[in-house]
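[1] Got a predicted structure here, sequence first:
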Amino acid sequence: MSVDQTAKRDIPDATVARLPGYLRALGQMTSQGVLSVSSEELAHSAGVTSAKLRKDLSHLGSYGVRGVGYDVAHLNYQISRALGLTHDWPVIIVGMGNLGRALASYGGFATKGFKVVALLDRDPLVVGERLDDLAIQPMDALDALVRPGEACIGVIATPAGSAQEVADLLVAAGVSSILNFAATAIQVPEGVHMRKVDLSTELQILAFHEQQRFGASPEDFLEGAAR
């Protein structure tokens, strides 16, 4: 699958990280029938300042119209194009435990520019099972699933102990973008893009902020609940 070369721009990583938030806000506005939006309104919906929003969108070549704002449909297309979401990206999910099955059944992928094309697991007891319209395949089917020169995203939903091995297999097969849900750090070669989603880390960060806000430890909470 070739990448739209005209969509390539020198966009800072911090801006790229905020673009999905703008896209989500624009999607909500579209569903509500909103045709145009000011930078202040869009920034508020996305949880950023209007100055940051305008600076981010300037990287896309979109400045809006003074007194009118941004055309919602056009800006939605511009951001989708910059993120490479104007065509479906094939996704391979490895690991058919509870998390992998939940990801495989998530219907939101199709509306966001992603299509789950394969489910893999090494457990012979689950290989052959069907989830929706896909059969779970063995790991040795991986090489045949990734076509040379075509982009593909691999999702690791395995236990931590096997995550590195799975990453190595994905890279060897030609996958150059990996999303890791396993609770461990994974090493990938230069040129392979890897993003990590660690739910326990996010909960720990939230716990820190809750403790800072209330000035209480979990022990204090448990003692109060026991009384």
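    Perfect, thanks for sending it. Everything numeric in this text was worked out from a predicted model, so none of it was measured.

[2] Grab the nearest non-local neighbour of the residue positioned nearest the centre of the chain.
    For the chain, the residue sitting closest to the mean C-alpha position, by C-alpha atoms, centre = their mean, is residue 179 at 7.7 Å. Nearest residue to residue 179, sequence neighbours excluded (C-beta to C-beta, 6 or more residues apart in numbering): residue 155, at 4.8 Å. All C-beta spots, glycine's among them, are computed from the backbone N, C-alpha and C.

[3] cool, residue 156 as well?
    residue 180 (4.7 Å).

[4] didn't the residue nearest to the centre of the chain look like it was pressed against residue 198?
    No: assessed by C-beta atoms under 8 Å, residue 179 is found out of contact with residue 198, at 11.6 Å.

[5] related to what we said a few turns ago, and the residue nearest to the centre of the chain, what are its bridge partners?
    Assessed by DSSP bridges, residue 179 has beta-bridge partners residue 155, residue 195.

[6] List the contacts of it.
    Contacts for residue 179 (C-beta atoms under 8 Å, 6 or more residues apart in numbering) come out as 153, 154, 155, 156, 194, 195, 196, 197.

[7] Can you lay out those as CSV showing pLDDT and distance to residue 51?
    Below are these laid out as CSV (pLDDT from 0 to 100; distance: C-beta to C-beta, whole Å):
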residue, pLDDT, distance to residue 51
153, 93, 33
154, 96, 37
155, 96, 35
156, 97, 38
194, 92, 32
195, 91, 27
196, 91, 30
197, 89, 30
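
[8] ok, and for the longest helix seen in the chain, which residues are buried?
    Scanning the chain for the helix with the most residues, using DSSP state H, yields helix 13-31. Across helix 13-31, burial judged by 16 or more other C-beta atoms under 10 Å covers 15, 18, 19, 21, 22, 23, 25, 26, 29.

[9] Could I get the average pLDDT for that helix?
    The predicted model gives helix 13-31 an average pLDDT of 91.

[10] Just read off the phi/psi values of residue 207.
    phi -60, psi -40 (degrees, to the nearest 10).
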